[in-house]
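Q: Dropping a prediction and its sequence here:
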Amino acid sequence: MQDVFSALGTDHAEVKQMLLALENSPGSSDGAGQTVQAARYEVVQRLVTDSSRHEAAEEQLFWPTVRKELGNGDSLADEAIAQEKEAKEVLDRLEKLEPADPEFDQLVATYIPAARQHIEFEETRVWPELREALSQAEAQELGDKVQKAKEIGPTRPHPHTPANPTLLKTLGPAVAVTDKLRDAVAGRGA
């Protein structure tokens, strides 16, 4: 059982590793062969899946807590959700492309610094204040809820779905089932 900062921090560390792997591998525009392109494609697919689950859990649980607990919570949450929406739009386009498509490399190059900036925003601007506002028990309870939400969350980005916690808690499970069925049909994540 992890508190919310450890749970989200583990996700951030994994994303940072994927970003580094993408950054340090040549894309098709750099002459990468099919094996490297396939590996980059797999990393992107995992990034899409993991980020989709992570962001959905944050929108359902973390950002509402930030809004409730912090005096500047609305502005922090609004800024983060806007960043997440842009990331979901990029990931939505990226997951539909083949790694040999020139746009694939362009979108990866766009996504990497934006993702790093978003992680830094959360970890340096939001977490310190929220750590002060939550008791250890509250942070633990929120971490447990976030973990459970990620387990049943969507596996694909849905950039046009409003970041409304009530709506996400209601529709999220149905969307997640649909995503998982699409994943099974496509052989994604197998």
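A: That came in fine, so what should we check first? Numbering: from 1, shown residues only.
Q: distance of the residue of the chain most remote from its centre from S25?
A: Each residue of the chain has a distance to the centre, and by Cα atoms, centre = their mean the biggest one is for G31: 28.9 Å. As judged by Cβ to Cβ, to the nearest Å, G31 and S25 stand 12 Å apart. The way it works is simple: take the backbone N, C-alpha and C, and place the C-beta from them, glycine included.
Q: next one: K88
A: From K88 to S25 the distance is 23 Å (Cβ to Cβ).
Q: Those two: which is more packed in?
A: Counted by other Cβ atoms under 10 Å, K88 and S25 do not tie: K88 has more neighbours, with 22 against 15.
Q: Now the residue nearest the centre of the chain: closest residue in space that isn't a chain neighbour?
A: Most central in the chain under Cα atoms, centre = their mean is S51, positioned 2.3 Å from the mean C-alpha point. Of all residues not flanking S51 in the chain, L91 sits nearest, at 6.1 Å (Cβ to Cβ, 6 or more residues apart in numbering).
Q: Quick one: residues contacting that neighbour.
A: By Cβ atoms under 8 Å, 6 or more residues apart in numbering, the residues touching L91 are 47-48, 51-52, 111, 157.
Q: what about the closest residue to E23 other than its chain neighbours, how many residues close to it?
A: Excluding its sequence neighbours, the residue lying closest to E23 (Cβ to Cβ, 6+ apart) is I112, at 5.7 Å. Per other Cβ under 10 Å, the neighbour tally for I112 reads 15.
Q: I'd like the average pLDDT over the longest helix along the chain.
A: Counting by DSSP state H, the longest helix found in the chain is helix 34-57. Mean pLDDT, helix 34-57: 90.
Q: Check stretch 143-159 too.
A: For stretch 143-159, the mean per-residue pLDDT is 81.
Q: chain center to that stretch, what's the gap?
A: With Cα atoms, centre = their mean, to the nearest Å as the basis, stretch 143-159 stands 9 Å off its chain's centre.
Q: same thing with stretch 113-128?
A: Taking the mean of its C-alpha atoms, stretch 113-128 sits 12 Å from the chain's own mean (Cα atoms, centre = their mean).
Q: Next, the buried residues of that stretch.
A: 115-116, 118-119, 122, 126-127 (16 or more other Cβ atoms under 10 Å).
Q: Alpha carbons of it, in CSV - could you do that?
A: The C-alpha coordinates for stretch 113-128 follow below in CSV (Å, rounded to 0.1, in the frame of the first residue of the first chain):
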residue,chain,number,x,y,z
PRO,A,113,9.3,17.7,-23.3
ALA,A,114,5.6,18.3,-22.6
ALA,A,115,5.4,15.1,-20.5
ARG,A,116,8.5,16.1,-18.6
GLN,A,117,7.2,19.6,-18.0
HIS,A,118,3.9,18.1,-16.7
ILE,A,119,5.6,15.7,-14.3
GLU,A,120,7.7,18.5,-13.0
PHE,A,121,4.7,20.7,-12.5
GLU,A,122,2.9,18.1,-10.4
GLU,A,123,6.0,17.1,-8.4
THR,A,124,7.3,20.6,-7.7
ARG,A,125,4.2,22.8,-7.7
VAL,A,126,1.3,20.6,-6.5
TRP,A,127,2.8,17.8,-4.4
PRO,A,128,4.6,19.9,-1.8
